[in-house]
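Engineer: structure for the following, please:
(chains A and B)
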Amino acid sequence: DSGVTQTPKHLITATGQRVTLRCSPRSGDLSVYWYQQSLDQGLQFLIQYYNGEERAKGNILERFSAQQFPDLHSELNLSSLELGDSALYFCASSVSRGGETQYFGPGTRLLVL
Amino acid sequence: GENVEQHPSTLSVQEGDSAVIKCTYSDSASNYFPWYKQELGKRPQLIIDIRSNVGEKKDQRIAVTLNKTAKHFSLHITETQPEDSAVYFCAARDYGQNFVFGPGTRLSVLP
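Structural biologist: Numbering: from 1, shown residues only, chains lettered A, B, ... in the order given. Take a look at the predicted model:
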């Protein structure tokens, strides 16, 4: 157990819908990262927050957004869902701003039908 | 932007042999290179990492080497065991603090 929690574990929804994935970092970690893992594209870095502020942005679609709250938990919002958004979404946390020594959560498996 | 290639995509070794996985990156400003192990159905776990100011790092049976001139870094696992079987991902952190992952190597250690 890495100490990073994610909810829900599984999510099934329909195209066009909107979902919110939640992540709680390890105690003391200020950075949260979101990743998408699909079969054909491996691990894709989406976005990083550090102490409430967006720090780095990767391959995140405009339909996706994230935020980190004062208690340091983070939410990833996915809207206008498409079949291709079906994937495993991981969040990770680290104590540093630079992302070294990241601990991954168990992931949320999203299925868009 | 940064591009990370990883080879081989699959690797089978006999138990006790060594395994080597190589990654190349394109952005000379990338400065941090972690390696993750992901077992089937589980989360990625950091197994070793290296910063750009270091050429080699070792942790028991695992080592990573970095050649900044050639822009490649490699994972070395010695005395492989069946529990080393997993998918291994390399990654590079570029100047913009983005993490770019390689496509992964599926390692099978045969008893």
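Engineer: ranges for the strands of chain A?
Structural biologist: Per DSSP state E, chain A carries strands over the ranges A:5-7, A:10-13, A:19-24, A:31-38, A:42-50, A:53-57, A:64-68, A:74-78, A:87-94, A:103-104, A:108-112.
Engineer: let's have those in JSON lines, adding mean pLDDT, distance to B:Ile77 and mean neighbour count.
Structural biologist: Using the backbone N, CA and C atoms, a C-beta is placed for each residue, glycine as well. Shown next, in JSON lines, are the strands of chain A (pLDDT from 0 to 100; distance: least, CB to CB, whole Å; neighbours: other CB atoms under 10 Å in any protein chain shown):
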{"stretch": "strand A:5-7", "mean pLDDT": "98", "distance to B:Ile77": "29", "mean neighbour count": "16"}
{"stretch": "strand A:10-13", "mean pLDDT": "97", "distance to B:Ile77": "33", "mean neighbour count": "14"}
{"stretch": "strand A:19-24", "mean pLDDT": "98", "distance to B:Ile77": "30", "mean neighbour count": "19"}
{"stretch": "strand A:31-38", "mean pLDDT": "96", "distance to B:Ile77": "23", "mean neighbour count": "24"}
{"stretch": "strand A:42-50", "mean pLDDT": "93", "distance to B:Ile77": "20", "mean neighbour count": "22"}
{"stretch": "strand A:53-57", "mean pLDDT": "93", "distance to B:Ile77": "30", "mean neighbour count": "15"}
{"stretch": "strand A:64-68", "mean pLDDT": "97", "distance to B:Ile77": "35", "mean neighbour count": "19"}
{"stretch": "strand A:74-78", "mean pLDDT": "98", "distance to B:Ile77": "33", "mean neighbour count": "20"}
{"stretch": "strand A:87-94", "mean pLDDT": "96", "distance to B:Ile77": "23", "mean neighbour count": "24"}
{"stretch": "strand A:103-104", "mean pLDDT": "95", "distance to B:Ile77": "20", "mean neighbour count": "22"}
{"stretch": "strand A:108-112", "mean pLDDT": "97", "distance to B:Ile77": "29", "mean neighbour count": "18"}
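Engineer: contact partners for the residue nearest the centre of chain A?
Structural biologist: By CA atoms, centre = their mean, the mean C-alpha position of chain A lies nearest to A:Trp34, the distance being 3.2 Å. Contacts here follow CB atoms under 8 Å, 6 or more residues apart in numbering or on different chains; on that basis A:Trp34 touches A:Cys23, A:Phe45, A:Leu46, A:Ile47, A:Gln48, A:Ile60, A:Ala66, A:Ser74, A:Leu76, A:Tyr89, A:Phe90, A:Cys91.
Engineer: can you rerun that using 6 Å?
Structural biologist: A:Leu46, A:Ile47, A:Ala66, A:Leu76, A:Cys91 (CB atoms under 6 Å, 6 or more residues apart in numbering or on different chains).
Engineer: right, and A:Phe64 touches A:Leu78 too?
Structural biologist: Yes - contact criterion CB atoms under 6 Å: A:Phe64 and A:Leu78 qualify, at 5.3 Å.
Engineer: chain A contacts on chain B?
Structural biologist: Where chain B comes near chain A, counting by CB under 6 Å from any CB of the partner chain, the residues are B:Arg43, B:Pro44, B:Phe89, B:Gln97, B:Asn98, B:Phe99, B:Phe101, B:Pro103, B:Gly104.
Engineer: no more questions from me, cheers.
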